[in-house]
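Q: Whatever this is, show me its structure:
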Amino acid sequence: MLTSGTSRFAIVGVVAAALSGALTVGSALAQGAVEIALSVKNHRFDPAELEAPANRPIVLRIKNLDPTPMEFESESLRVEKVFSGNSEGIVNIRPQKPGRYEFFDDFHESTTKGVLVIK
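A: Residues are numbered from 1 along each chain as shown. Now for the predicted structure:
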């Protein structure tokens, strides 16, 4: 049942966004993507160092276990995404060449750093 402040268009928009995200992850995994889990607690990444194979897309599943927002950012990977406190989401990373790719929480850059090692 719709409440007085809820529009059918808003509900359709939320459902469409959720399906779009699921299709993107499903499509990436179907293309041979590697799925990696990463969490943030007490403004620290766990694990702080990730490994993935070269030349394959990566689906990074991030859980922000802190009550405050965080912004996953990597200049070398050319990605950034904000996560609300106590939430989770996906960051899709294009296939990369072997190397070390640093990432950080832009809101807590001095304490929340990590690296993705592509082999």
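
Q: Okay, now the unreliable bits of the protein?
A: 1-31 (pLDDT under 70).

Q: Just the strands from it, written as ranges.
A: For the chain, the strands defined by DSSP state E occupy 34-41, 44-46, 49-52, 58-64, 70-74, 79-83, 87-93, 99-105, 113-118.

Q: Now mean neighbour count too, for the ones you listed, in TSV please.
A: C-beta: built from backbone N, CA, C; applies to glycine. Shown next, in TSV, are the strands of the chain (neighbours: other CB atoms under 10 Å):
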stretch	mean neighbour count
strand 34-41	16
strand 44-46	17
strand 49-52	15
strand 58-64	19
strand 70-74	20
strand 79-83	16
strand 87-93	17
strand 99-105	18
strand 113-118	18
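
Q: Which residue would you name as the spatial centre of this structure?
A: Nearest to the mean C-alpha position of the chain, by CA atoms, centre = their mean, lies Val91 at 2.9 Å.

Q: my guess is that one meets Lys81, correct?
A: Yes - with contact defined as CB atoms under 8 Å, Val91 reaches Lys81; the gap is 5.3 Å.

Q: on that earlier part again, report the separation between the closest residue to the residue nearest to the centre of the chain other than its chain neighbours and Gly114.
A: Of all residues not flanking Val91 in the chain, Leu60 sits nearest, at 4.3 Å (CB to CB, 6 or more residues apart in numbering). For Leu60, the distance to Gly114 equals 11 Å [CB to CB, to the nearest Å].
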